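Visitor: How does the following fold in three dimensions:
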Amino acid sequence: MYPESIQNLVECFCSFPGIGEKTAERMAFSILNFDEDKINLLEESLKEAKEKIHPCQDCQTLTDKEKCDICSDDTRDSNTLCVVEDSKIVFLFEKLGIYKGYYHVIQGLISPLDDINPEDIGLEKLLDRIKEKDYKEIILAIKPSLEGEITSLYIKKILEGMNVKVTKLASGVPIGADMEYMDNLTLSRALEDRKELS
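Guide: The predicted model follows:
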């Protein structure tokens, strides 16, 4: 129906999460109205993000530096480490501005049905980091799902005997919810009302 170049654009936009064909078509036609400078900026931004963004050497969150700004900040609370499954959650919590400790991003969740085991999600890096630093509390800010519960309980188990308190977000976060789509108030309360994992 469309010229090939427009169809290619539509297909590219359709590959973004949450973008259907109609929205992708609108985005493709919007790009046709961009001036040359805006097109160049978009092109450069895409290339730069792909080339420069990588995991932080300490916490594994996405950064364009060797060590992210959070890990480089000595003024943060060195007693707490918040474990999340995705860098997007780090940025979400930072927008809220209520958590002042450090983070660690694991690479997904344990899921026996999908053949994803503890060694597949980088838990050894988390364990090494906890052994190296003297954290008093590990906060598990992990999606409340079956996989999230399995992962939380596994982390709790491997931390036994390390004299560290393990907490998880309060139940304001509904089961199966995707944290990146939750409202700020629910997330803030869940973080503030976190419970010790038993």
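
Visitor: contact partners of the longest helix anywhere in the chain?
Guide: If you go by DSSP state H, the chain has its longest helix at helix 36-52. For helix 36-52, contacts defined as C-beta atoms under 8 Å, 6 or more residues apart in numbering pick out 31, 34, 64. (Each C-beta comes from the backbone N, C-alpha and C, glycine too.)

Visitor: so where do the helices sit in the chain?
Guide: So, for the chain - with DSSP H - the helices run 4-14, 21-32, 36-52, 87-96, 123-132, 146-158, 184-192.

Visitor: State the mean pLDDT of the longest one.
Guide: Same thing as helix 36-52. For helix 36-52, the mean per-residue pLDDT is 95.

Visitor: Specify the angle between it and helix 21-32 in degrees.
Guide: 120 degrees (axes from the mean of the first three to the mean of the last three C-alpha atoms, to 10 degrees).

Visitor: for the shortest one, same thing?
Guide: Between the axes of helix 184-192 and helix 21-32, defined by the same axes, to 10 degrees, the angle is 110 degrees.

Visitor: Report the inter-axis angle for helix 184-192 versus helix 87-96.
Guide: Going by the same axes, to 10 degrees, helix 184-192 makes 100 degrees with helix 87-96.

Visitor: mind exporting helix 184-192 as PDB, just the C-alpha atoms?
Guide: The C-alpha trace of helix 184-192 is given here as PDB (Å, rounded to 0.1, in the frame of the first residue of the first chain):
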ATOM      1  CA  ASN A 184       4.300   7.300  41.400                       C
ATOM      2  CA  LEU A 185       2.300   7.200  44.600                       C
ATOM      3  CA  THR A 186       1.900   3.400  44.500                       C
ATOM      4  CA  LEU A 187       5.600   2.900  43.900                       C
ATOM      5  CA  SER A 188       6.600   5.500  46.600                       C
ATOM      6  CA  ARG A 189       4.400   3.800  49.200                       C
ATOM      7  CA  ALA A 190       5.600   0.400  48.200                       C
ATOM      8  CA  LEU A 191       9.200   1.400  48.600                       C
ATOM      9  CA  GLU A 192       8.600   3.300  51.900                       C
END
